[in-house]
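[1] below: sequence and its predicted model.
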Amino acid sequence: MEPRAWPLVKRWIDGAANDVTVLPWEGTELGHSAWVHWTLTGDLEAFYESLRWPGWAQAVAALDPEHALALQTRQAAPVTELWDLQQA
């Protein structure tokens, strides 16, 4: 029996002309295991550069465990709300 082929991991990329309301997906060309390895050893600064803005680190540091940043608005929102939006 062959091992299950996992889908390739995708990521959000910067929208048209830095419009954060448009976040298209881009393939990473990495399977799940390779992506996990890369997250532990790769250049995360460059990978997420297009999604970061001045002050993003302070915004993330201020989050409690029940909240995350909505990238479209760059505002804190309940994790459950963001999860529900992604499931729709």
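    Sure thing, it's come through. None of the values given here were measured: they were computed from a predicted structure.

[2] once you drop chain neighbours, what's closest to residue 38?
    Distances taken as C-beta to C-beta, 6 or more residues apart in numbering put residue 30 closest to residue 38, at 6.2 Å, once the chain neighbours are dropped. Yep, even glycine has a C-beta here, placed from its N, CA and C like the rest.

[3] report how many residues lie close to the one you found.
    Other residues near residue 30 come to 18 when the count uses other C-beta atoms under 10 Å.

[4] name the element it belongs to?
    For residue 30, there is no helix or strand it lies in under DSSP states H and E.

[5] would you check that it makes contact with residue 47?
    No - in this structure residue 30 lies outside contact range of residue 47 using C-beta atoms under 8 Å: 11.1 Å.

[6] returning to what we had before: measure the residue nearest to residue 38 to residue 36 for me?
    9 Å (C-beta to C-beta, to the nearest Å).

[7] what is the mean pLDDT for the helix or strand residue 38 falls within?
    Here residue 38 sits within helix 32-41, counting by DSSP H and E. Averaging pLDDT along helix 32-41 gives 87.

[8] that helix: which residues count as buried?
    residue 35 (16 or more other C-beta atoms under 10 Å).

[9] for stretch 53-71, same thing?
    67-69, 71.

[10] show me how the record splits the chain into domains.
    Annotated domains of the chain cover 1-52, 54-88 [automatic domain parsing].

[11] would you single out the least confident of these?
    domain 1-52 (a mean of 70).

[12] state the helix or strand in which the nearest residue to residue 70 once chain neighbours are set aside lies.
    Leaving out its chain neighbours, the residue that sits closest to residue 70 by C-beta to C-beta, 6+ apart is residue 77, at 4.5 Å. For residue 77, the enclosing helix or strand under DSSP H and E is strand 75-78.
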